[in-house]
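> Generate a structure from the sequence data that follows.
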Amino acid sequence: MRYDLDFKMQVIAYYRQGHTGPATGKVFAVNAKFVHKWVQQYQSGGIEAIKPKTSKAKYSSEFKLKVLTVMLEQGLSQSRVALTFNISSPALISHWHKAYRFHGISGLISKPKGRAAMNKPFMTDKPDDEKTLAELKRENEYLRAKVAYLKKLDALLKAEEQAGKKQGSLKH
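A predicted model of the protein is given here:
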């Protein structure tokens, strides 16, 4: 169910008068999770953050990569990052992260809806000297993103390993 801006503002105002999330939810017949979500959105982004979206938001691959980078580098939760970047659903960030892990930067590129026209594959099997400049540039961009991702993943794994070693040494 979609809630309009006036309704959300009434809920937030009631909550800010000192009522708890569950009490506010009961008065307005909404789940307390919605109350907390709307209050957090309002606190972080004002009225714009709680306005109902009129159309499905489209995010560029650069924006998606920035969101994932901030989340991983700062160790933030998906909910926190969604609030920070005014993204309606934290689950969307999870979807982006999974796509990025499996396909690199190409996994973050929005796919057109409907039946796709026959187009050239992202990476071709042609020898390098037969590839067009555009094909080489696409492949280069893909490989750079893959290397950057693998470096970050390696750094995260090493950090986790170091943290594990530190905890292990404290037990002795």
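> Secondary structure element holding the closest residue to R16 other than its chain neighbours?
Of all residues not flanking R16 in the chain, V39 sits nearest, at 7.5 Å (Cβ to Cβ, 6 or more residues apart in numbering). (C-beta placed from N, C-alpha, C; glycine too.) Secondary structure from DSSP states H and E places V39 in helix 32-45.
> For the helix or strand of the chain with the lowest mean pLDDT, which residues meet the burial criterion?
In the chain, the helix or strand scored least confidently by mean pLDDT, DSSP states H and E is helix 47-50, which has a mean of 78. Buried residues in helix 47-50, counted by 16 or more other Cβ atoms under 10 Å: I50.
> Likewise for stretch 83-94?
L83, F85, I87, L92, I93.
> residue contacts, the spatially closest residue to the second one that is not a sequence neighbour?
The shortest distance from F85 to any residue other than its chain neighbours is 5.4 Å, reached at V67 (Cβ to Cβ, 6+ apart). When contacts are counted by Cβ atoms under 8 Å, 6 or more residues apart in numbering, V67 is found next to V81, F85, I87, I93, W96.
> what is the rounded mean pLDDT of the helix holding V39?
For helix 32-45, mean pLDDT rounds to 86.
> For that helix, which helices and strands make contact with it?
The helices and strands touching helix 32-45, judged by 3 or more Cβ pairs under 8 Å, 6 or more residues apart in numbering; DSSP states H and E, are helix 5-16, helix 21-28, helix 47-50, helix 78-84.
> chain center to it, what's the gap?
Offset of helix 32-45 from its chain centre (Cα atoms, centre = their mean, to the nearest Å): 18 Å.
> Could you check the angle it makes with helix 21-28?
110 degrees (axes from the mean of the first three to the mean of the last three Cα atoms, to 10 degrees).
> Direction-wise, compare helix 32-45 with helix 5-16 and give the angle.
90 degrees.
> and S60, how many residues sit next to it?
Other residues lying near S60 total 11 when counted by other Cβ atoms under 10 Å.
> quick one: contacts for it?
Contact analysis of S60 by Cβ under 8 Å, 6+ apart lists nothing.
> how about JSON lines for the contacts of V67, with pLDDT and distance to A23 added?
What follows is the contacts of V67, written out as JSON lines (pLDDT from 0 to 100; distance: Cβ to Cβ, whole Å):
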{"residue": "V81", "pLDDT": "87", "distance to A23": "29"}
{"residue": "F85", "pLDDT": "84", "distance to A23": "30"}
{"residue": "I87", "pLDDT": "82", "distance to A23": "28"}
{"residue": "I93", "pLDDT": "89", "distance to A23": "30"}
{"residue": "W96", "pLDDT": "89", "distance to A23": "35"}
